[in-house]
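Engineer: with the sequence up front, the predicted model follows.
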Amino acid sequence: MAFMDKVKDLGRKIVESGTIVEEIKKKAQALNKRIVLCEGEDKRVVEAAAICTREKLAHIVLLGNRDEIARNNPNVDLSYIEIIDPATSPKLETYANLLYELRKSKGMTEEQAKEQAKDATFFGALMLKSGDVDGLVSGACHSTANTLRPGLQIIKTAPGVTSVSSFNLMVAPPTGNEYVPDGKLIFADCGLNPTYTAEGLADMAIATAKSAREIAGLDPKIAMLSFSTKGSAKHDNVTLVQEAVRIAKEKAPDLKIDGELQFDAAIVPSVGEFKAPGSEVAGHANVFIFPDLQAANIGYKIAERLGGFQAIGPICQGFAKPLNDLSRGCKASDIVCAVAITALQTR
Ligand code: ACO
């Protein structure tokens, strides 16, 4: 490793040590789950598989051809990694039959199912559906749509959940941030559904509160974000957020949730008190529900690039079994983190 890379790597390790990421990894180690990584053709994935195996974060099942993976990654110790080649797997026929049964009502033929099941992401999703693994991570070299579609078609939503969505765990920079006493925030939905109805937004806020508790260990205070605070502006987009707040409060009366709030009213105590007096959330929010994907995706990238936050995710929520999509710009360490989070979502 070049000297500057070593310095950068050390810096990253210092930032991570003792942080939420380390806590998540420790919890994952205790669970010892089987997680499938679908992209054996990607060097970062192979490196992550080796790290996860070495650190005993999970039992990794890597999809791909063992000889090719070994040829492309001569410096990686593959001896303890389970590698399955979908094309030659004895389970391929069983999985193809399962896929056919699941999708025949949508017009899929047996021939199409046989072909489709060989695709590594579909193969991984079918392993997950069959209970042969506990979780799936993919998307290092496939688009979000191509990664999530097999999950949406095969794994489907958990009982009572209308829509799969995603959230980002935003970890404050090591220098801290005066508005983030716990050192972490949740932003949603930064990666999955382009738009929301009021009911969908309410459901997504409720699902995100659960993830905030289970993955980040936060006591969720949820701000439903808008360009308006408590009726300061009038627009259909504002009405949608107001309606979502009403529905969420009705569905989950115990949640600490408020809106519509502008971001400053949600996070700065003095602004919150001024713009939304009496709110138990304004000025103290730690879970931020953006009104749509454009706002959320832009928002998390601003916090990451200008605010120095570490963005972990997007992490999917609402699937019947845990499945996560990586960013194509991810590093091996991001994949390791996604594996650990996926293991936690199996609980
Ligand atoms: N929850 C549950 N089921 C869903 C959802 C959802 N959110 N979205 C689609 N589905 C279901 C459909 O009902 C359908 O089911 P069926 O075939 O059994 O009837 C199935 O999934 C496939 O539906 P499609 O319409 O083919 O899927 P679509 O093309 O809508 O793709 C997707 C869904 C991939 C999630 C799409 O909404 C998308 O591309 N979102 C944006 C992702 C993105 O680009 N994010 C930003 C980048 S991420 C980053 O910055 C790190």
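Structural biologist: In hand now; what should we look at?
Engineer: next one, pLDDT for the closest residue to the ligand within the stretch 101-250 of the chain please.
Structural biologist: Closest approach between the stretch 101-250 of the chain and the ligand, counting by CB to the nearest ligand atom: Leu152, at 3.1 Å. Glycine gets a C-beta too; all of them are placed from N, C-alpha and C. With respect to pLDDT, Leu152 has a value of 96.
Engineer: am I right that it falls within a helix?
Structural biologist: Yes: assessed by DSSP: H, G, I helix; E, B strand; the rest coil, Leu152 belongs to a helix.
Engineer: how many residues are close by the closest residue to it other than its chain neighbours?
Structural biologist: Distances taken as CB to CB, 6 or more residues apart in numbering place Val164 nearest to Leu152, at 6.4 Å, with adjacent residues excluded. Residues near Val164, counting by other CB atoms under 10 Å, number 23.
Engineer: gap between Val164 and Asp132?
Structural biologist: As defined by CB to CB, to the nearest Å, Val164 lies at a distance of 21 Å from Asp132.
Engineer: count of residues packed around Ser89?
Structural biologist: 16.
Engineer: do the one 5 residues further on as well
Structural biologist: The local packing of Thr94 (other CB under 10 Å) involves 14 other residues.
Engineer: which residues touch it?
Structural biologist: Residues near Thr94 by CB atoms under 8 Å, 6 or more residues apart in numbering: Ser130.
Engineer: and Gln242, what does it touch?
Structural biologist: Neighbours of Gln242 in contact, by CB under 8 Å, 6+ apart: Gly231, Gly259, Glu260.
Engineer: buried among these? Need that as a selection in ChimeraX.
Structural biologist: Only the buried entries of these go into this ChimeraX selection, using 16 or more other CB atoms under 10 Å:
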select :259,260
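Engineer: returning to what we had before: neighbours of the residue of the stretch 101-250 of the chain closest to the ligand, how many?
Structural biologist: Leu152: 17 neighbours (other CB under 10 Å).
Engineer: how about the one 4 residues further on?
Structural biologist: When neighbours are defined as other CB under 10 Å, Lys156 has 16 of them.
Engineer: distance-wise, check it relative to Thr162.
Structural biologist: Where Thr162 is concerned, Lys156 sits at a distance of 11 Å (CB to CB).
Engineer: now do Ala252
Structural biologist: Ala252 is 14 Å from Thr162, by CB to CB.
Engineer: domain ranges for this protein, per the record?
Structural biologist: 3-156+321-344, 165-313 (automatic domain parsing).
Engineer: and of the contacts of Gln242, the nearest to Thr53?
Structural biologist: Checking these against Thr53 with CB to CB, the nearest one is Gly259 at 44.0 Å.
Engineer: which residues pair with that closest one across the strands?
Structural biologist: Met224 (DSSP bridges).
Engineer: leaving out the residues flanking it, which one is nearest to Val45?
Structural biologist: Distances taken as CB to CB, 6+ apart place Glu39 nearest to Val45, at 4.6 Å, with adjacent residues excluded.
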